[in-house]
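>>> got a predicted structure plus its sequence, pasted below:
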Amino acid sequence: MMSRAWRARDGLVLAAAAVAVIATGLSGSSYWIYSLCLVGIYAIVAVGFNIALGLAGQVSFAQVAFMAVGGYATGLLTTKAHASPWLALLASVVLGAVLAFFLNLPFLRLRGHYLGMATLALALGVQSFAENAGGITGGALGVFGVPSLTLGSFSLAAHSRFFVLVWLACGLCLAVYQLTARSHIGRAWRAVAARPDVSASLGIDVPRARILALVLAGAMAALSGGLLAEFLNYVAPDYFGLVMIGNIFFMVIVGGMGSLAGPLVGAAFVVLVPQEMSSLGQWQGVVLLAILLGVLVLWPTGLLGDPSAAGSITALLPARLRARPARVAENGS
Amino acid sequence: MTAVSPLLAASHVTKAFGGVVAVDDVSLAIGPSTVHGLIGPNGAGKSTLISLLSGFTRPDNGEIRFDGQDVTRVGPARLARLGLARTFQAATPLAGLTVLENVQVALTSKYRSGLLSVLARTPAMRREAKALAAQARELLADFGLLTDADRPARDLPFGKLRYLEIARALATRPRLLLLDEPAAGLNQVEVDELAVLIGRARAGGIAVLLVDHDVSFLFSICDQVTVLNFGKVVVSGPAAEVHGSKLLREAYLGPALPADPDPPGTESRRPEARHLEAQ
């Protein structure tokens, strides 16, 4: 569990985020509502990944694949099968969870670089499939005309209405994160992340703990992808490539692994910084990466990560690359 | 070990790493509620044997039965749930977890509530969490760690880390506890306390397999002792018999030579050797 001070900081940031979201919703500013819709959608995939990486310590690049699954399932079910967008969204989440279960099973035996390479291959494979299976997915052009959600005759097409749905969904994911993190399930995840061998010796079913985290992460990624398709009324393969993989890691690591509000901060960074710096053109990526490096050097556990907790990106590095920042030095290794 | 059927019975267990036979045709039986010592020089195969018995390593040959059940190919997590717990040679606090959480983690398999009851925060789930937290606190109290409950586990001083390690293993409710050098690095007061704790575990019906380098400590609390050398059992039996055995001395000091018994400055510098020489 995070120390009290860090939990308090987490709560404070969460409250500030809630105020910012509500204020934006009330302001009616179409620019900010559009931006915060994207922030909410990105935050959902990040909250899921925070369960997998931040709590259970699973370095998976495949999170983006389940986001693509959600996006395409929603897009194709509504346009080709003419299913209700609500049903399509629900089916996307279920499909994301089921695929996360089966596709992650073979990865459970892999660790370190091998796990990274295998999950990266899956992620790029899914994107490549979407790009090349034109008959099903619409190829590189993607799926157009994804119908907006409606409640009876009340359409959520307007961004100001969709905004409410996105943030309700994000709140739900945050609740799932917090409830599991505080329970024996979350405790077991953190134990498995710290020492899988010791956890096993204490009777914890390590593969089962990992797969549960990955299934929840996959479901949230699919929800995020489905909402993105609904938001843009469109889904295309280039949303689910290396840039999104980078964004997902960036959000969780900069926000702070294992912190409740961290993914929100990370999502705000990933969406707002490039928008506000659009004049920089192609230098945006450089600036984002500079921020990432700066955060990792100054706060190795991310902006909201607890330095006393295991969840730090440096813990995933080989020992010789690990910096020993003064703030955690008192804890020894 | 004749009348009572053994709790753990390893027969003809062999494990080789490449060309090195770390454990060579070892048979071992541990009865219920006994403290069984395992000693031998460095590289004798003690840690490999612990690893084999606790399911972390699969033997190349031989069979391991726990409570009558064949567990030769059973992994550590299931063995722990069957009642076989172990500690590790190096202290292994779960970083990022508090002292209390370290013990609570060992109770994970006792929880009946699943993901859905956790998400719904059902009253049954909350009751269960409360009851198991109380159990964990009780264990901490037994080991004098209650005041440290909310500290990050890795901030504990070394002696307390050792206790936490044992408290955590006991939380799984084992019938057999494998302790891999629990006294290493402890001072004399702490070693004495450890002996009391091990005696208490035995009194509570828990069998203990104890690996240690400290020969006097080991013989003071063990009912049975097995001596390993070069992966083989040299001698095994009641502690008093093994203690007087020439084979024990030879395992550490080599066969007695008529002229120059121990070149000074080599093996006889080791504490266990000095203890044996003193007899």
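Structure received. Numbering: from 1, shown residues only, chains lettered A, B, ... in the order given.
>>> quick one: residues contacting residue A:36.
Contacts for residue A:36 (C-beta atoms under 8 Å, 6 or more residues apart in numbering or on different chains) come out as A:20, A:21, A:24, A:163, A:167. C-betas here are computed from N, CA, C, even on glycine.
>>> let me redo that: residue B:81
Per C-beta under 8 Å, 6+ apart, neighbours of residue B:81: A:203, B:109, B:172.
>>> swap in 7 Å and give it another go.
By C-beta atoms under 7 Å, 6 or more residues apart in numbering or on different chains, the contact set of residue B:81 is A:203, B:109.
>>> drop anything exposed from the contacts of residue A:36.
Among these, the ones that count as buried by 16 or more other C-beta atoms under 10 Å in any protein chain shown are A:21, A:24, A:163, A:167.
>>> so which of the residues you listed belong to helices?
Judged by DSSP state H, helices contain the following of these: A:21, A:24, A:163, A:167.
>>> hang on, the last one packs against residue A:24?
No - contact criterion C-beta atoms under 7 Å: residue A:167 and residue A:24 do not qualify, at 9.4 Å.
>>> and the two most separated of the buried ones among the contacts of residue A:36?
Across the buried ones among the contacts of residue A:36, the longest distance by C-beta to C-beta is 9.4 Å; it joins A:24 and A:167.
>>> run a quick neighbour tally on residue B:78.
Residue B:78 is flanked by 15 other residues according to other C-beta atoms under 10 Å in any protein chain shown.
>>> I meant to write residue A:8 there.
11.
>>> which SS state does it fall under?
When classified by DSSP: H, G, I helix; E, B strand; the rest coil, residue A:8 comes out as helix.
>>> how about the residues of the stretch 151-279 of chain B by chain A?
By C-beta under 7 Å from any C-beta of the partner chain, the residues of the stretch 151-279 of chain B that approach chain A are B:152, B:154, B:155, B:168, B:172.
>>> where's the fourth one, which helix or strand?
Element membership for residue B:168, per DSSP states H and E: helix B:158-171.
>>> gap between residue B:122 and residue B:114?
Applying C-beta to C-beta, to the nearest Å, the value for residue B:122 to residue B:114 is 10 Å.
>>> residue B:62 now?
Applying C-beta to C-beta, the value for residue B:62 to residue B:114 is 38 Å.
>>> equivalent analysis for residue B:187, please.
According to C-beta to C-beta, residue B:187 stands 45 Å off from residue B:114.
>>> and for residue A:105?
Distance of residue A:105 to residue B:114, computed by C-beta to C-beta: 20 Å.
>>> what sits closest to the residue of the stretch 101-250 of chain A found nearest chain B if chain neighbours are left out?
In the stretch 101-250 of chain A, the residue that lies nearest chain B is residue A:203 (3.6 Å; C-beta to the nearest C-beta). Nearest residue to residue A:203 in three dimensions, chain neighbours excluded: residue B:80, at 3.6 Å (C-beta to C-beta, 6 or more residues apart in numbering or on different chains).
>>> on the three-state scheme, that neighbour is what?
Secondary structure assignment for residue B:80 (three-state DSSP): helix.
>>> tell me where chain B has strands.
For chain B, the strands defined by DSSP state E occupy B:8-17, B:20-30, B:35-39, B:61-66, B:69-70, B:84-86, B:176-180, B:207-211, B:224-229, B:232-238.
>>> deepest-packed of those, please.
A comparison of the strands of chain B by mean neighbour count, using mean count of other C-beta atoms under 10 Å in any protein chain shown, puts strand B:84-86 on top with a mean of 28.
>>> please see if that strand touches chain A.
Yes - with C-beta under 7 Å from any C-beta as the criterion, chain A is reached by strand B:84-86 at B:85, B:86.
>>> what's the average pLDDT for that strand?
For strand B:84-86, mean pLDDT rounds to 96.
>>> show me what it is packed against.
When contacts are defined as 3 or more C-beta pairs under 7 Å, 6 or more residues apart in numbering or on different chains; DSSP states H and E, strand B:84-86 sits against strand B:176-180.
>>> can you show me the CA trace of the strand it packs on as CSV?
Coordinates of each C-alpha in strand B:176-180 appear next as CSV, following Å, rounded to 0.1, in the frame of the first residue of the first chain:
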residue,chain,number,x,y,z
LEU,B,176,6.1,-28.7,7.4
LEU,B,177,8.3,-25.6,7.4
LEU,B,178,11.6,-25.6,5.5
LEU,B,179,14.0,-23.0,7.0
ASP,B,180,17.0,-22.2,4.8
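>>> next, the angle from it to strand B:8-17.
Per axes from the mean of the first three to the mean of the last three C-alpha atoms, to 10 degrees, the angle that strand B:176-180 makes with strand B:8-17 is 40 degrees.
>>> need the residues that contact strand B:176-180.
With C-beta under 7 Å, 6+ apart as the test, strand B:176-180 has contacts from B:7-8, B:30, B:47, B:50, B:53-54, B:83-89, B:169, B:201, B:206-211.
>>> from the chain's centroid, how far away is the lengthiest helix in chain A?
What stands out as the longest helix in chain A, according to DSSP H, is helix A:206-232. Put simply, helix A:206-232 sits 8 Å off its chain's centre (C-alpha atoms, centre = their mean, to the nearest Å).
>>> the next helix or strand after that helix packs against which elements?
With elements assigned by DSSP H and E, the helix or strand that comes after helix A:206-232 is strand A:234-235. Under the contact criterion of 3+ C-beta pairs under 7 Å, 6+ apart, strand A:234-235 touches helix A:63-79, strand A:143-144.
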